[in-house]
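K.L.:
Sequence first, then the predicted structure:
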Amino acid sequence: MQPNSNRFYHNYFSVMSVTSFNLSELIRPNIRNLKPYRSARDDFSEGILLDANENSLGSVVDSEKELNRYPDPLHNELRQKWADYRGVQQDNIFLGVGSDEPIDLLIRMTCRPGRDNIMITPPTYGMYKVAADVNDVAVKEVQLDSEFQPLPEQILNQVDENTRLLFLCSPNNPTGNLLDPDKVYPILKRFNGLVIIDEAYIDFSESPGWSSEIQSYPNLVVLQTLSKAFGLAGIRIGAALSSPELIGYMLRMKAPYNVNKLTASVALKAFDQPEKLRKMITQLNSERKRLENELQSLKQVKRVRPSDANFLLVHFTDALGTYQKLAENGVIVRYRGDQPGCDQALRITVGTPGENDRLISELKSIME
Ligand SMILES: Cc1ncc(COP(=O)(O)O)c(C=O)c1O
């Protein structure tokens, strides 16, 4: 995202432009009327706890975390930290098991199986379609343009009255680029469903992302995760950021104890390490630049796409052959040549300096 000269302009008109948006009309009636499960820990978390059929003696595994007890259903301390980090309020934050959980919840919250549809913009992250397929929700597609930017007019022409959600991804996976705000704002302003902007890789970019825009656009949902820049893919935590009303629906739908105690305690610590985070991002981004330059000098590389994430989309003369030879030599990358606009392309995650050296030397030896 470029530093945004247009942002004020967009904000100024946004309220006017989205007044017709009515969230409750978008929510499936069964969800709107849902009486959520009330868990034991919603009522009391202290005292002689004989209310949740936990093991009163403790756990077979020693831990200070009282693992015999169910976790806090809300994790408000963590929600507050996430909110402070992104400059929003606690009630703007839904915590999920990775960002994959909110993707599924948003579909189930709004799309009637067999009737409604979502819109995606390939090439993009595969889970939007998988989650839609699992829920028997049709998927409309408008491909990104040759620079992997969305086409607002085509998208707005293709949506119909049953299109509940539009998934955008910025920086986009597998292409690596940030979406141009000037291509996103027209959609945000005119699409009457939810615009979900997946920011799994936002911390690798210079862009502040879209978090601050949830105040202006009630139809905006931003997805984030600690799996990427924070280096915590193993603990499975992500978030959806949106209006308190929308977050309220998600909280009512979720499994009562979706985020476990071990995950929450590690995630809390993550936000106390800004220096470490900054250092890792700086190192990965400088390795990305080095890798980009080295790859570009190789004969079998046709084009390296610019990236704002911790991976590169690279077009080869023979992507599948290169992929297979790399794998035979123990270097595993992702084949993406079957995605629109990704002809002969591999997606390569930025590794450690040593891993990147190895990748380059394997590629050089393949050439010989
Ligand atoms: C664009 C995008 N969104 C979401 C995810 C899922 O992330 P999480 O680990 O938070 O479920 C990924 C994982 O690769 C991703 O690339």
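P.N.:
Perfect, I can see it now. Residues are numbered from 1 along each chain as shown.
K.L.:
Could you list the low-pLDDT ranges of the stretch 1-150 of the chain?
P.N.:
By pLDDT under 70, the weakly predicted segments of the stretch 1-150 of the chain are 1-19.
K.L.:
Around the ligand, pick out the residues from it.
P.N.:
98, 99, 100, 125 (C-beta under 6 Å from any ligand atom). Yep, even glycine has a C-beta here, placed from its N, CA and C like the rest.
K.L.:
For whatever residue of the chain ends up closest to the ligand, give me its contacts.
P.N.:
In the chain, the residue found nearest to the ligand is residue 98; the distance is 2.4 Å by C-beta to the nearest ligand atom. By C-beta atoms under 8 Å, 6 or more residues apart in numbering, the residues touching residue 98 are 225, 227, 236, 237, 238.
K.L.:
Now do the third one, the pLDDT please.
P.N.:
Spelled out, that is residue 236. Per-residue confidence at residue 236 stands at 98 (pLDDT).
K.L.:
got a list of what it touches?
P.N.:
Contact analysis of residue 236 by C-beta under 8 Å, 6+ apart lists 97, 98, 227, 263.
K.L.:
circling back to that earlier point, and of the contacts of residue 98, the nearest to residue 47?
P.N.:
Nearest to residue 47 out of the contacts of residue 98 is residue 237 (C-beta to C-beta; 28.5 Å).
K.L.:
returning to what we had before: as JSON lines, the contacts of residue 236 with secondary structure and distance to residue 327 would be great.
P.N.:
Putting the contacts of residue 236 into JSON lines (DSSP: H, G, I helix; E, B strand; the rest coil; distance: C-beta to C-beta, whole Å) gives the following:
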{"residue": "97", "secondary structure": "coil", "distance to residue 327": "30"}
{"residue": "98", "secondary structure": "coil", "distance to residue 327": "26"}
{"residue": "227", "secondary structure": "coil", "distance to residue 327": "24"}
{"residue": "263", "secondary structure": "helix", "distance to residue 327": "32"}
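K.L.:
what separates stretch 268-286 from the chain centre, distance-wise?
P.N.:
On the basis of C-alpha atoms, centre = their mean, to the nearest Å, stretch 268-286 sits 18 Å off its chain's mean C-alpha point.
K.L.:
what's the answer for stretch 212-222, then?
P.N.:
Worked out by C-alpha atoms, centre = their mean, stretch 212-222 lies 15 Å from the chain centre.
K.L.:
Now residue 316, what are its backbone angles?
P.N.:
phi -110, psi 170 (degrees, to the nearest 10).
K.L.:
That one contacts residue 347, correct?
P.N.:
No: counting by C-beta atoms under 8 Å, residue 347 is not a contact partner of residue 316; they are 11.5 Å apart.
K.L.:
Need phi/psi at residue 149.
P.N.:
The phi/psi pair for residue 149 (degrees, to the nearest 10) is phi -110, psi 150.
K.L.:
That one: neighbour count?
P.N.:
Neighbourhood size, residue 149 [other C-beta atoms under 10 Å]: 18.
K.L.:
hey, where'd the strands end up in the chain?
P.N.:
93-96, 117-120, 138-141, 163-169, 194-198, 220-225, 238-241, 301-304, 311-316, 334-335, 345-349 (DSSP state E).
K.L.:
partners of the first one, with directions?
P.N.:
This points to strand 93-96. strand 238-241 (antiparallel) (DSSP bridges).
K.L.:
What of the fifth one?
P.N.:
Sheet partners assigned to strand 194-198 using DSSP bridges are listed as strand 163-169 (parallel), strand 220-225 (parallel).
K.L.:
Give me the distance between the closest residue in space to residue 102 that isn't next to it in sequence and residue 39.
P.N.:
Spatial nearest neighbour of residue 102, excluding adjacent residues (C-beta to C-beta, 6 or more residues apart in numbering): residue 240 at 4.0 Å. Residue 240 sits 20 Å away from residue 39, going by C-beta to C-beta, to the nearest Å.
K.L.:
For the stretch 251-368 of the chain, which segments count as helices?
P.N.:
For the stretch 251-368 of the chain, the helices defined by DSSP state H, counting those that start in this stretch cover 261-270, 274-296, 319-328, 353-367.
K.L.:
Please consider this matter closed, and thank you.
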